[in-house]
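K.L.:
One predicted model, sequence on top.
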Amino acid sequence: MRLSRLLVPTTKETPNDAVLPSHIYLLRGGFIQNAGGSGLYNFLPLGKRVLDRVRKVIKEELDKAGCQEVSLSFVTPAALWQESGRYEKYGKELLRFKDRKENEFVLGPTHEEMMVNLVRQSVKSYKQLPLNLYQINLKFRDEIRPRFGLMRGREFLMKDGYSFHTDEADMKREFALMEETYKKIFTRLGFDFRVVEADSGAIGGTGSKEFMVLAESGEDTLAVCDGCDYGANIEAAVRAPKITDTPVPAYEAAEVETPGVATIEEVASFLKVDPHYVIKTVAMRALYNEGKSEIVLFALRGDDTLQEVKATNAVDANALEELDEETLKAAGLVPGYMSPFQEDKSLRVVWDNALKEAYGMVCGADKEGYHRVGVDLRGMEATFADLIEVQEGDRCARCGGTLHYTKGIEVGHIFQLGTRYSEPLGCNFLDENGKSKPMVMGTYGIGVSRLLAAIIEQHHDDRGCIWTPASAPFDVVVIVSNAKEESQTEAAESLYDALKKKGYDVLLDDRKDRFGSKMKDFELIGIPYAIIVGKKLGEGLVEVVKRDGLERSDVLPEDLIKETERYVCFS
RNA sequence: CGGGGUGUAGCGCAGCUUGGUAGCGCGCAUCGUUCGGGACGAUGAGGUCGCAGGUUCGAAUCCUGUCACCCCGACCA
């Protein structure tokens, strides 16, 4: 391809609405263009090439693992979503519309329903299982706040795969295979990534793992261990039980006056106890389907903080909302002096696991200015759950090492779904005994367009993109220093042809621009190697520049063609 | 949805306080000079100033409303 003919509108100036390096360089390098709406992008020729390269890696590895590619309708009938019960539940992110006959449709934000529909119509026997089907197609989610270019778009390209099995064990086998396959994909693409345990969110299911590209700009916080390979999204991270040197307070059970002492810190220092022995009671409004809601109390140790996703899951709610003082008071709760022991027994209380069998505790007395000491929870019957947010410095539950925070970009997520969709949608098969059973499913996603942003977040410098060999739009660019020098053009053309014959994707920068601007474009676009045909041609030499690090070396053109791999390490 | 900000040429911006012929840089086109790190000169094309209403002899500028986009938060596979 000749750069003089390729539509690559690079710009010197940074668009004012781009903040992240990936967003800035993808726009400036002429890879993408805003489509005129928030979170909507057009892919220009260079961006499309990168997308295709990334897609190819994904497809190759999935096909190798026995997956089959299909393509599902992007516009899906609302009836399917009503059948699975997600039509209401998915909320405003689901774009709904009607056709001319007033039939309702949605733009697919994910395709569990559609894929299950495909399979239930065509698979009836255990002999046809297992099956792993995937597609690489557009998705649309009407995000509350799209941002950061391709990182969180509303329309985006996603690989979504679904597997169908006769039993749990076979699904787990496939889940493990997909984990390995994803690792291969992300390794080939050149990522520094981590596989972490995750919350399953709206997709549902039990075990789920996320593939996180480590980057400062990541929107997710991860807790990772410095002693082993444990890593988890903060929403799902667990830790070893806390140990404290401070002794259990020796208070007898009593109510004590604590005037004006409301926060955990104030209570702890007033009563001279470690916050570890103070019960923190957090009141939240839990929101359920059909507009139902209730106030829920979460009890945890004073030195812990509530993890909202865990808390939401603990009460099986759609979301939690904070409450203001008036609402608390109206519900008979005393801000600052609240305890989990409410007269009103209909009030739901969930206790954190760390409070099991605790004693010598301090908690509010449910009246202004008083706390209770010597609270004993031993033998108490109550609902316990893991509610705490892991903090930096906590100990790893697996190896006892120290947990640290790091930021990650979620590029992949794999779920063990079970029968969550196959059951309501009647996706059944007949087993060896002729008995009808729901298929056991897994689901596996990769944010393909997001990958482009993630690659640049991890691979760029202050001059532009540095594509990894497997993702680059071209393997190498041959730059003619001065296109008016016939000797240079001739030499570059023959190099270009020779490299193409060897099977490389080569770009020829034959534009009549000056050398400086061609180099700037090379650095901005980030093709892994440039071969400069210029001044040194007089000495019979061309120059090879490696984009990553910008090292240069002089090479004889005939050597370059003969032994390309020696000078240019393509993937 | 709460808080903050911005809409003027393809991109980046000035002009608005104090109403009076629409401006700069980059990019683009033509010609000439230049040619290894975003060159220089000359000439030129390109904008119903987000939209609607109002005030006024006159509105990019003042007033009201509205829409869009961006940032922080909440939210989110």
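P.N.:
Sure thing, it's come through. Numbering: from 1, shown residues only, chains lettered A, B, ... in the order given.

K.L.:
Tell me how many other residues crowd residue A:226.
P.N.:
Under the neighbour criterion other C-beta atoms under 10 Å, residue A:226 is assigned a count of 11. The C-beta positions use only the backbone N, C-alpha and C, and glycine is treated the same way.

K.L.:
go on, the one 5 residues further on?
P.N.:
Per other C-beta under 10 Å, the neighbour tally for residue A:231 reads 24.

K.L.:
Provide a list of residues in contact with it.
P.N.:
Listed by C-beta atoms under 8 Å, 6 or more residues apart in numbering, the contact partners of residue A:231 are A:194, A:195, A:196, A:197, A:212, A:222, A:223, A:224, A:225.

K.L.:
What are the contacting residues of the helix or strand where the second one lies?
P.N.:
Residue A:195 belongs to strand A:193-197 when assigned by DSSP states H and E. Outside strand A:193-197, the residues within contact range by C-beta under 8 Å, 6+ apart are A:179, A:182-183, A:186, A:208-214, A:222, A:224, A:231-233, A:236-237, A:408, A:411.

K.L.:
and if you look at stretch A:67-81?
P.N.:
A:59, A:62-63, A:87, A:90, A:94, A:96, A:103-108, A:111, A:113-115, A:117-118, A:131-138, A:140, A:161, A:425.

K.L.:
picking that back up, switch the contacts of residue A:231 over to CSV; also include distance to RNA strand B.
P.N.:
Output for the contacts of residue A:231, formatted as CSV (distance: C-beta to the nearest atom of the strand, whole Å):
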residue, distance to RNA strand B
A:194, 16
A:195, 14
A:196, 12
A:197, 13
A:212, 11
A:222, 13
A:223, 15
A:224, 18
A:225, 23
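
K.L.:
Which residue is the nearest non-sequential neighbour of the residue of the stretch 251-400 of chain A found nearest RNA strand B?
P.N.:
Using C-beta to the nearest atom of the strand, the single residue of the stretch 251-400 of chain A nearest to RNA strand B is residue A:319, 4.8 Å away. Sequence neighbours aside, residue A:287 is the residue nearest to residue A:319 in space, at 4.7 Å (criterion: C-beta to C-beta, 6 or more residues apart in numbering).

K.L.:
list the contacts for that neighbour?
P.N.:
By C-beta under 8 Å, 6+ apart, the contact list for residue A:287 reads A:293, A:317, A:318, A:319, A:320, A:321.

K.L.:
For it, which residues count as its bridge partners?
P.N.:
Counting by DSSP bridges, residue A:287 is bridged to residue A:293, residue A:319.

K.L.:
which other residues reach the least confident helix or strand in chain A by mean pLDDT?
P.N.:
In chain A, the helix or strand scored least confidently by mean pLDDT, DSSP states H and E is helix A:86-89, which has a mean of 80. By C-beta under 8 Å, 6+ apart, the residues outside helix A:86-89 that reach it are A:78, A:81, A:94, A:106, A:113, A:202, A:289, A:290, A:318.

K.L.:
let's go with 7 Å and repeat that
P.N.:
A:78, A:81, A:289 (C-beta atoms under 7 Å, 6 or more residues apart in numbering).

K.L.:
Can you tell me which of those residues are buried?
P.N.:
A:78, A:81 (16 or more other C-beta atoms under 10 Å).

K.L.:
which of the contacts of helix A:86-89 lies closest to residue A:533?
P.N.:
Proximity of those to residue A:533 (C-beta to C-beta) peaks at residue A:81, which lies at 57.9 Å.

K.L.:
What is the burial count for the closest residue to residue A:320 other than its chain neighbours?
P.N.:
Excluding the flanking residues, the one nearest residue A:320 by C-beta to C-beta, 6+ apart is residue A:284, at 4.4 Å. Residue A:284 has 21 neighbours, counted by other C-beta under 10 Å.

K.L.:
any idea how far residue A:526 is from residue A:284?
P.N.:
47 Å (C-beta to C-beta, to the nearest Å).
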